[in-house]
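[1] build me a structure from this.
(one chain, ligands or ions: 1)
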Amino acid sequence: MPTPSLLPPSNSCATPHHTATPPKPTPVVWKGFLPDQFRKVIQEADQVWIAKCLYEPTGQLKQKFEACWFHPLLEPKPSRPEPGWYHRQRLFIWAPMRMWGISLKCPKCSGKMNSSGIYRKVREVIDVDSRYYLVGGDYPRCSKCLNPSLLVCPWSQDILSQLDVAHRSLFPAVLTTQLALDRKGVTFLKPRTSGNSSSYVQSAMEEAHSEEWARQTIRYLSDCERHKKMATFIPSAAVYLPPPTFRPLPLAQWFETVHSNDILSHLDEMK
Ligand SMILES: [Zn+2]
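    The predicted model follows:
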């Protein structure tokens, strides 16, 4: 028991009573900076850290990106375990103009293109045992062709084919209409790889994804256990959401499409 004291609490002595408390800074609503489509594709638990990679606290898109790859931080963890936090995904930012100062030409008139902000569609890429987000940090626009339709997708063949081989090789995926497959997965589909049928690749990768999903789920459940032991005095704090269900991979047919898209994208180089 502390000794009762007639003195006021020590901090009230130090603080003069007449000073007004300074206004609290308004918290930055990071998620609000993301384009609408981003908020549909990017999982809730990934939205804030991804917005911080892309934007300044004022909401302006960053002038420069320090890296292509970004990983969600392991700490700090939410005080009560949240399932989405354990299933967060990496981010790849593709911005040849902003990152390397590469100048690109308009595919229509060959005029110089400028970067006009962020490409407003994020893609999810299927990697060997997990998924990541592909974000275009440049949205190339021709300064002469004023038609807004002449904004060019930053990973279209028109753009990729203008890059030197070294920079082009940093682009990590092969795209289809909705999704994308990481280059490593594309390698498995090549005829030189043994057991290369698309259904074999599909089932091997699905197995790897399912094991990784199980590992993430185990980490979540074991943190719930630990939290539950600490929260014995506040029963309401020990209510946990179920882990997210496993998301199966696309069918073997889709892997076939990726393989053909990859071949088509190299046709020009072979001519
Ligand atoms: Zn043009």
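[2] show me what stretch 77-91 is in contact with.
    Residues from elsewhere that reach stretch 77-91 (CB atoms under 8 Å, 6 or more residues apart in numbering): 43-46, 49-50, 53, 69-72, 124, 130-133, 135, 213, 216-217, 219-220, 223-224, 227, 231, 237, 240-244. Heads up, the C-betas are built off the backbone N, CA and C, glycines and all.
[3] select the helix or strand of the protein having the lowest average pLDDT value.
    Here the helix or strand of the chain ranked lowest by mean pLDDT, DSSP states H and E is helix 10-14, holding a mean of 42.
[4] in whatever helix or strand comes next after that helix, which residues are buried?
    Proceeding N to C from helix 10-14, the next assigned helix or strand is helix 36-41, under DSSP states H and E. Residues of helix 36-41 classed as buried: F38 (neighbour count, 16 or more other CB atoms under 10 Å).
[5] could you do stretch 240-251 as well?
    Buried residues in stretch 240-251, counted by 16+ other CB under 10 Å: 240, 243-244, 249-250.
[6] wait, which of the residues you listed is closest to the ion?
    Within the buried residues of stretch 240-251, proximity to the ion (CB to the ion) peaks at P250, which comes in at 35.5 Å.
[7] doesn't that closest one lie inside a strand?
    No - read with DSSP: H, G, I helix; E, B strand; the rest coil, P250 is coil and lies in no strand.
[8] does it touch L179 like I think?
    Yes - shown here, P250 and L179 form a contact pair, counting by CB atoms under 8 Å, at 6.5 Å.
[9] please enumerate the shared neighbours of these two.
    Listed as contacting both P250 and L179 by CB under 8 Å, 6+ apart are I126.
[10] what's the first-to-last distance across stretch 68-79?
    End-to-end span of stretch 68-79 (CA to CA, to the nearest Å): 30 Å.
[11] can you give me how far that stretch is from the chain middle?
    Computed by CA atoms, centre = their mean, to the nearest Å, the chain-centroid distance of stretch 68-79 equals 12 Å.
[12] in that stretch, which residues are buried?
    Of the residues in stretch 68-79, 70, 72 count as buried by neighbour count, 16+ other CB under 10 Å.
[13] count of neighbours near Y86?
    20 (other CB atoms under 10 Å).
[14] so which bits of this structure are right by the ion?
    106, 108-109, 111, 142, 144-145 (CB under 5 Å from the ion).
[15] and those residues, which of them are buried?
    Buried members of the residues of the chain next to the ion, scored by 16+ other CB under 10 Å, are 106, 142, 145.
[16] mind listing which of those residues are in helices?
    Under the assignment DSSP state H, those contribute nothing to helices.
[17] in which helix or strand does T217 reside?
    Element membership for T217, per DSSP H and E: helix 198-230.
[18] after that helix, next one along is what?
    helix 252-270.
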